[in-house]
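Asker: give me the fold of what follows.
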Amino acid sequence: MNAKLILSLSIFFTFIATAGYCQTQMPAGMVPAAENYPGGKEAMYAFINQKAIYPPQAKRNRIQGECVIGITINSDGTVSNIKVIKNIGGGAGEEAVRIARLLKFNAIGYKLETSIPIIFKL
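Answerer: Have a look, this model is predicted:
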């Protein structure tokens, strides 16, 4: 009896630990900021997937969806004025802001205000 319980619990916790392994996915539509990222949209979302940590509260409550982050890309490629436009809750908005702070774009020579969708999916 105890062996079955231990086995069941270990399978359950393994599932919980691996659920949400692929934290984000690439949106289907065009992302204007991505054309200024070195390597384009695929490289930008590969970086986001590498750095993203699925928020524990969102994972626990099975929250998934799209957070939209508004940013300003400065003329030198740095990011400023980061704000959450759409938040799905459970700490996903804060995680999306953290990731946006890490992004570095090509120097474009002018300021560009744009948004980045970050999709959290379990």
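Asker: now this protein, which segments are flagged as low pLDDT?
Answerer: Where the chain drops to pLDDT under 70, the residues are 1-30.
Asker: quick check: bridge partners of residue 113?
Answerer: Using DSSP bridges, the bridge partners assigned to residue 113 are residue 72.
Asker: residues in contact with it?
Answerer: For residue 113, the contact set (Cβ atoms under 8 Å, 6 or more residues apart in numbering) comprises 70-73, 81. The way it works is simple: take the backbone N, C-alpha and C, and place the C-beta from them, glycine included.
Asker: which one among those residues gets closest to residue 106?
Answerer: residue 73 (9.0 Å; Cβ to Cβ).
Asker: give me the neighbour count for that closest one.
Answerer: Residue 73 has 25 neighbouring residues, counting by other Cβ atoms under 10 Å.
Asker: kindly report the same for residue 71.
Answerer: 22.
Asker: hang on, isn't it packed against residue 78?
Answerer: No - if you go by Cβ atoms under 8 Å, residue 71 and residue 78 don't touch, sitting 10.1 Å apart.
Asker: thinking again about what came up before, from the contacts of residue 113, which two are the most distant?
Answerer: Using Cβ to Cβ, the pair of the contacts of residue 113 lying farthest apart is 70 and 73, separated by 11.1 Å.
Asker: need the residues touching each of those two.
Answerer: Counting by Cβ under 8 Å, 6+ apart, the contacts common to residue 70 and residue 73 are 113-114.
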